Structures are given as structure tokens and as C-alpha cells.
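**Student:** Could you work out the structure for the sequence below:
(chains A and B)
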Amino acid sequence: MKVFKISQAELDNMVALWSQSRKVYRPAVGRQQQAQPDYGPGWRKAEGASPLTVPIGPAAGSVKTFLFPQPETMMTYSLKTGDPDRGLMKEPAKLTESQVVVGLRPCDARSVLLNNLPFREDPFYQANLERTVFVGFTCDESLSTCFCEQMGGSPLDSDGLDIAFSRAENGYLAEILTPKGEELMAGLNLAPAANSDITALADRRKERPGKDTAILNTMQGKDLNKLYEAPLWQPLGDSCINCGACTFICPTCYCFDIQDEVVKGSGRRIRYWDSCMFPLYSLHTTGHNPRGRKLQRTRNRFMHKLKYFPERFGPFSCVGCGRCVQDCPVNIDIREVMADLLTVE
Amino acid sequence: MVKLPFVDVLADKKNYMRKDDLASFEYTYQAEITNVYSLTKTEKLYQLQIIDPVERARFTFKPGQFVMLELPGIGEAPFSISSSPIRHGDIELCIRAVGNLTNFLTRSPRGTRVGISGPFGTDFPVEEMQGHDIMLIAGGLGLVPLRAPIFAVLENRSRYGNIDIIYGARNPAELLFTYQYDMWRQFDIDLNIIVDQGDASWNGPVGRITSILEDRIQAAENIGKNTYAIVCGPPVMFKFVCDMLIKAHLPTQKIFVSLERRMHCGRGKCCRCNIGSTYTCLKGPVFDYWSVMNMKEAI
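**Tutor:** All right, here's what the predicted structure looks like:
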């Protein structure tokens, strides 16, 4: 692993250089946060040499918008009369253009690894993962809503990143972790980091090791049926308004719907984000709905994150970024839900 | 002989469709709607035939499995196969017109090309049941996935003991496959049909499915050792029927249920078919009652 010492001016130049040949995205602040046709809110394209500042805590939108775009074209076809290929399902043109996401936090990087578990064999997700380079910044300060250490992450962690920037005296330490990162940094004339800086970073990592699996182990020891029947779901279901905001900003929520869309004879099959908070999500043909009540849907979301996903894959399906805590209109806090669940006997 | 209600629509133009150049997807067979029968007001029986004769001969499924039916421009949806497993590529799907795709199907003429991928899912272990009595209990649309095991059992009738088919519907107008009851009865089986509300033309029993089941359980000999049960119906029915079967000392691993869930991807990714951490598209739709009886939201 190569480690470089980079000043703020060098970083700005690097981002400007990358944006000449690639699509580079950076966290947006204030009015620039609006969603664009090809990516979600919270991010914006890095253009020109405007200085890169990464706000404290994760960006407003999650990084899944680059790997699991909304909508994603799965197939294309033509329904025009007289077309010899009428009704022929075609694979959409593969996107191979390299994109760089600058300024994501360790929690978002970890969400990429977690989403990779159910999408291991998904051709679209894997293709997007292949063409994306993650340039992340470890956290020195955290928001009051951050809880990555409880969920098995760490604010100074570099898992899932290609290049990890960490604070050092008069600039940053850049760790090049993967071949993709090396390719991005190739040709740049950078000064290698001093040994004292590297040991200082290692010491800071030792101070805040994170990656606490105590909560995960306790939760996995709990009986699912008892958690399901716990009294805490009633007040939660009553207060939740099923707006679905938590599912759309969550970096590890990945459920989707598939629909066909035909415009003037040319059609495509798309998949787009769906939310388990909506009643139509699980409605059956016969009119029966296994999760017809608000309480059941709220419970399903939290149980999926904290119990069902660990049963299927191992880790929690939550990285502790705290976006849902920030944006919930009725102040439902997943940390409180988790604390209540841990008291269930 | 009962005359079949037949929807006479002529094939006007044939849609051409092929998906086999998509290497990264599961294989999709091209099929054609060969016949459409109107069963009730909302349900129709579609006979589909896989066009390529080699593919048709190779296509095999087991009773209880489902296929994904695809219409370009409309969408893709899962349907239980309700035809005999020995008929390979000539499959029959009984479909209620409810949504976008199913309503489009009712307007589709004979000869419409559709895509079929599958078969997917677990099946009723009819081979394991050989030498035993079988109770097939269906309510409402539950007869649709049960028609395949009924055919599979009737075609090998001598290998099975007593066969009880108990079928309940809301009213006589909603009974499915009425034209086949006489044919099924010729195989020395007990076919009991009950409706919740009778009408002027109905001279059979009226009431709940459980009342008939109670009679059949009392008439059966040594139900705990000799019998397998296959159950499919609305969630309320599952609960009462399975409870009665357990009270009659039928082991829970010998009761098979087919659970209905909404599905989109069929790969355990879109998350909507989950019952707890079990995904119906990956481990279902046929479960033995032992594995789902303690599962929350299953029934």
C-alpha cells in the first residue's frame, strides 16, 4: 500500500484533473443538493477548480445512487409496427465510463460492501461497481446522529474504499488501497508520506478501533419470535406515517420494483427503488396483504435491518450513517429501536 | 358431456419475440397462446405452447412450481402452472384479471407470443407420497396450484391410496374447472365441493370447508400414519384446516402448503416476498407445514 502526503491545493488540482476525463461527483451543500437526471440528491458534479470541502458526517444522499441508479434500464426493445426486431429483448448498452465519487465517508463505503451481499450475482450492480472509484475521507468529527461504531463500522476505517484520505498536519494522508485507486493516481507527482504521519494515523486508529460486534452477537442470540411480538412495535407503528423517506435515503435499503415503460414504440424494462413502507409493496392478487397494517410494515423494516439480514448474510443491514434519524418527520430513531430490542427477553 | 365455454378469438397478427441472445439472463422460452377458456367471470385458463419442438420436449416441471410470464411492453409476473407435469411444454395457466398484465392477457388474442422463464420454486413431493392416502384441500383460487398435483396423482392412480379432494368456493359462480369434476370422479376419488353461499342452481352442500373436512377425517382410517395433505387457499383457511389436520394426528411434516407472495425479481433481491428471513421465491412457494407453522406472517 502506498501512502502519499497531499495538501489541500494538490487535492483540488487532482479533482480538477480527474474531472477532465471522468465523471467526478462530490458531496453537495445547500441549494446544489437537488437530484439530477442521472444521479440522486446530495451530490453534484465536480467541475472546475472549486476547492473541495467535505461536510462533517455523510452526504445528504446515499452513495447507492451511483451503483443502483434510479431508474436502471434492464432491457430495451422496440414495439414499432414493421420493425423486424419488434418485441426483441435487447441488452442495454453497457456503461463503461469510469466515474469517481469523491468525499464519501466510511459508513457509505461499508454500505457498498453490504449491498454487495444480496447483489453478488447482479450483473448491473457489479458493472456499476467495476466502473466506480471511491475516494473517501475518514471522519475526525462526527454528528450527533452518527453511530457507525455500534453497527460494526469505524469512523477511521477504510474498508470498501479505493483511496482513503485521512487528516494529517497541513493536509491529508492518501492511502491507495486498490488497483483502481492506483490507476486513478497514476501519473501524479506526489510526495510520499513521512513515517511519523503514518504512525500517527495508526495510533489514532488504535484509539478508536470501532468494529464492535457485541451488539450484533447479542441480537443474533435473541429469539426472532420474541422480538416480533415485542410491545415496542405498537407505538412505533402508530407514530410512523409510512412516508418512505428512510428507505430512500438509506444506503443499505436495496429493494426495487420492475416495470415496463414504452414511449412512442420504444420500450425498456426498468427497475427502480421501492419502499417496504408502502402498502402496495406486498399486496397480492387476491387482495390479501401479509403486511397490510402500518405496524407490520414498520416492524418489517427494522426487523429486516436488524434481524432478517443478519440471519441471511451475517452483518447488520445498517451502517450507522444516521440519515434516517436526521430526516424522519416523526423522529423515529433506529438507535432507540435497537436499544429497546436488546432489552427484549 | 359438459360443453366448454370457449372464447373464440382469431389470431390476427403474430407478435415476434425472442430473448435468447441475452446471455446474462435466465433463458426465456418463446411460447404462444393456443387457447383461452373462460372459467368464471374473472378467471381464464390460458393454454400455452412453447414454439420450438425441442424446447417443448425438454421443458419439464414438477407440480407446485411456477413460471414467469412475460409480455414485452407490459411486464413480467409469476404464475403457478396448473397443468399436468407429463405434458411438458404445453402448459396451462389459470389467471385472474386483476392487474396490468393480467388485464392485457384477457384482451390478447389466440396466437399472441409470450415469454416463459422457469420453472421456479419448490414442488409438492408427489413421488414421496406414493403408497399413501392424499388429501388435497383447496379454497377459492387455491385450486390453481393444486391442479398440477391432482393430475400427477390421477395419472398414477394405482400407486396411491384413497384420494380426497376437498374444494370450497364463495359461491357456485366462482367454482373453477367445473367441467373437469366428472372426469376426475371417474378415477375412484372422493371429490367434495362446498360453497359458502348457494344459489338456485346449486344442489350440493353449503357451508365452510372445515365441515366437510371434519367428515372426511372421521371417515379416514389411521390418518396419522397413512395420509399426506396438500393445502392451498386463503390465509384464514390455512389456519383452520391445518389446525384440524394436526388435531387428527397428521404429522406437520406431512402437510404441504403453497404460500402466495408478491414477487418481482424471483432471486431474493427485491425483498417483498419475505416471511421473516425466509424468501418465498428462493425457498418456496411450497413449504411443509413444519417449517412455516412457527413463522410469523406466514399464514
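
**Student:** residue boundaries of the strands in chain B?
**Tutor:** Taking DSSP state E as the criterion, chain B carries its strands at B:29-38, B:43-50, B:66-71, B:75-80, B:90-96, B:113-120, B:133-139, B:163-169, B:190-195, B:227-232, B:255-258, B:274-275, B:278-279, B:286-288.

**Student:** no wait, the stretch 1-150 of chain A
**Tutor:** For the stretch 1-150 of chain A, strands defined by DSSP state E, counting those that start in this stretch occupy the ranges A:2-6, A:23-27, A:43-45, A:72-78, A:99-104, A:132-137.

**Student:** I'd like these as JSON lines, with mean neighbour count and mean pLDDT appended.
**Tutor:** Where you see a C-beta, it was placed from the backbone N, CA and C, and this is true even at glycine. Compiled in JSON lines, these are given as follows (neighbours: other C-beta atoms under 10 Å in any protein chain shown; pLDDT from 0 to 100):
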{"stretch": "strand A:2-6", "mean neighbour count": "18", "mean pLDDT": "89"}
{"stretch": "strand A:23-27", "mean neighbour count": "24", "mean pLDDT": "90"}
{"stretch": "strand A:43-45", "mean neighbour count": "19", "mean pLDDT": "88"}
{"stretch": "strand A:72-78", "mean neighbour count": "18", "mean pLDDT": "87"}
{"stretch": "strand A:99-104", "mean neighbour count": "25", "mean pLDDT": "92"}
{"stretch": "strand A:132-137", "mean neighbour count": "24", "mean pLDDT": "93"}
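
**Student:** Among those, single out whichever gets nearest to A:Leu188.
**Tutor:** Nearest to A:Leu188 among the strands of the stretch 1-150 of chain A is strand A:2-6 (8.4 Å), distances taken as C-beta to C-beta.

**Student:** The residue in the stretch 1-150 of chain A that chain B sits nearest to: neighbouring residues, count only.
**Tutor:** Of all residues in the stretch 1-150 of chain A, the one sitting closest to chain B is A:Gly87 (3.7 Å; C-beta to the nearest C-beta). Neighbourhood size, A:Gly87 [other C-beta atoms under 10 Å in any protein chain shown]: 20.

**Student:** Would you agree it is in contact with B:Pro72?
**Tutor:** Yes. The pair A:Gly87 / B:Pro72 is scored as a contact, 4.7 Å apart, by C-beta atoms under 8 Å.

**Student:** I'd guessed B:His88 sits against B:Pro53; true?
**Tutor:** No. In this structure, B:His88 is not within contact of B:Pro53 by C-beta under 8 Å, at 10.4 Å.

**Student:** picking that back up, any idea how far the residue of the stretch 1-150 of chain A closest to chain B lies from A:Ser78?
**Tutor:** 8 Å (C-beta to C-beta, to the nearest Å).

**Student:** again, but for A:Asp340
**Tutor:** 54 Å.

**Student:** Helices of chain A, start to end?
**Tutor:** A:8-21, A:64-67, A:106-115, A:123-131, A:179-185, A:195-207, A:214-221, A:224-228, A:233-239, A:245-249, A:294-303, A:309-313, A:323-327, A:334-343 (DSSP state H).

**Student:** can you list the domain ranges for the chain.
**Tutor:** Picked chain A for this. Listed by automatic domain parsing, the domain ranges of chain A are A:2-210, A:217-343.

**Student:** To clarify, I was referring to chain B.
**Tutor:** Domain segmentation of chain B under automatic domain parsing yields B:29-120, B:133-258.

**Student:** what's the first-to-last distance across the shortest one?
**Tutor:** Between the opening and closing residues of domain B:29-120 lies a distance of 14 Å (C-alpha to C-alpha, to the nearest Å).

**Student:** Might one say that A:Pro41 is in contact with A:Ala59?
**Tutor:** No. Taking contacts as C-beta under 8 Å, A:Pro41 lies outside contact range of A:Ala59: 9.3 Å.

**Student:** List the residues that are in contact with both of those two.
**Tutor:** Common contact partners of A:Pro41 and A:Ala59 (C-beta atoms under 8 Å, 6 or more residues apart in numbering or on different chains): A:Ala28.

**Student:** ok, those two, which is more surrounded?
**Tutor:** Legend: neighbour count by other C-beta under 10 Å for A:Pro41 and A:Ala59, higher for A:Ala59 (25 against 18).
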